[in-house]
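Asks: Build the 3D model from these lines:
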Amino acid sequence: MSIDATDPPGVQVCSLKRDTPQPVPANSPYTVVRFPFGSAESTDRFSMHQVNQPDGYVVTDWDSDDRSGLIWPSTAGWGVLYAMIQWEAGNYDELRDQFVRDPLGLTPAPGDTTGTEHRPPSPGMQCWTKQWGIFVDPAVPLALRVTHDDGVARSVVLAEFKLVVHRSA
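Replies: Sure thing, here's the model as predicted:
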């Protein structure tokens, strides 16, 4: 991992928010949480979440394309990932969430999961926050994934996904 000396000092932040429901199928494999682009984003000053992705792919429908869930780090460094996930009320025994490097197999580097949590439900709506630190690389996109074990499809009703990159020596 090399640090680009032309990078601005300080941390680089990408903050995404989804405030429309995203259905997740019953007993499904992990599902990438998708996020809107442009003015619907919280902030993306360092171009880590773009319709025109670094590998040349263009996202045409953010709500149906898993690539809209990718953050491509703007620089190499120590990344702190944050997530906030709110599920609709349901008949869950367990809810699961995780961060993942290269969830769609787009790079030669093998994708891997990190910060995986399996949670029992709480009464009513299911609301959680989490954070996890990892080394990040601009060539390896990151995503937030979720799943549940209810017998019917359930929706994530609100989600946020954030990356803060600290330059490292």
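Asks: any low-confidence regions in the protein?
Replies: The chain contains residues with pLDDT under 70 at 1-9, 169.
Asks: Roughly how far does the closest residue to Thr20 other than its chain neighbours sit from His166?
Replies: If the residues on either side of it in the chain are set aside, Thr20 comes closest to Asp63, at 7.4 Å by C-beta to C-beta, 6 or more residues apart in numbering. Placement of C-beta: from N, CA and C, glycine included. Going from Asp63 to His166 by C-beta to C-beta, to the nearest Å gives 32 Å.
Asks: that older thread, roughly how far does the residue nearest to Thr20 sit from Gly69?
Replies: 11 Å.
Asks: how about the CA coordinates for stretch 12-23, as PDB?
Replies: Provided in PDB are the C-alpha atoms of stretch 12-23 (Å, rounded to 0.1, in the frame of the first residue of the first chain):
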ATOM      1  CA  GLN A  12     -11.100  11.900   3.800                       C
ATOM      2  CA  VAL A  13     -14.700  11.100   4.400                       C
ATOM      3  CA  CYS A  14     -17.600   9.500   2.400                       C
ATOM      4  CA  SER A  15     -21.000   9.500   4.100                       C
ATOM      5  CA  LEU A  16     -23.900   7.700   2.500                       C
ATOM      6  CA  LYS A  17     -27.600   7.600   3.500                       C
ATOM      7  CA  ARG A  18     -30.500   5.500   2.300                       C
ATOM      8  CA  ASP A  19     -33.900   6.600   3.500                       C
ATOM      9  CA  THR A  20     -36.100   4.500   1.300                       C
ATOM     10  CA  PRO A  21     -36.900   0.900   2.100                       C
ATOM     11  CA  GLN A  22     -34.700  -1.800   0.600                       C
ATOM     12  CA  PRO A  23     -36.300  -5.300   0.600                       C
END
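Asks: just checking, what's the longest strand in the chain?
Replies: Longest strand in the chain, counting residues (DSSP state E): strand 154-166.
Asks: buried ones in that one?
Replies: By neighbour count on 16 or more other C-beta atoms under 10 Å, the buried set for strand 154-166 is Arg154, Val156, Val157, Leu158, Ala159, Glu160, Phe161, Lys162, Leu163, Val164, Val165.
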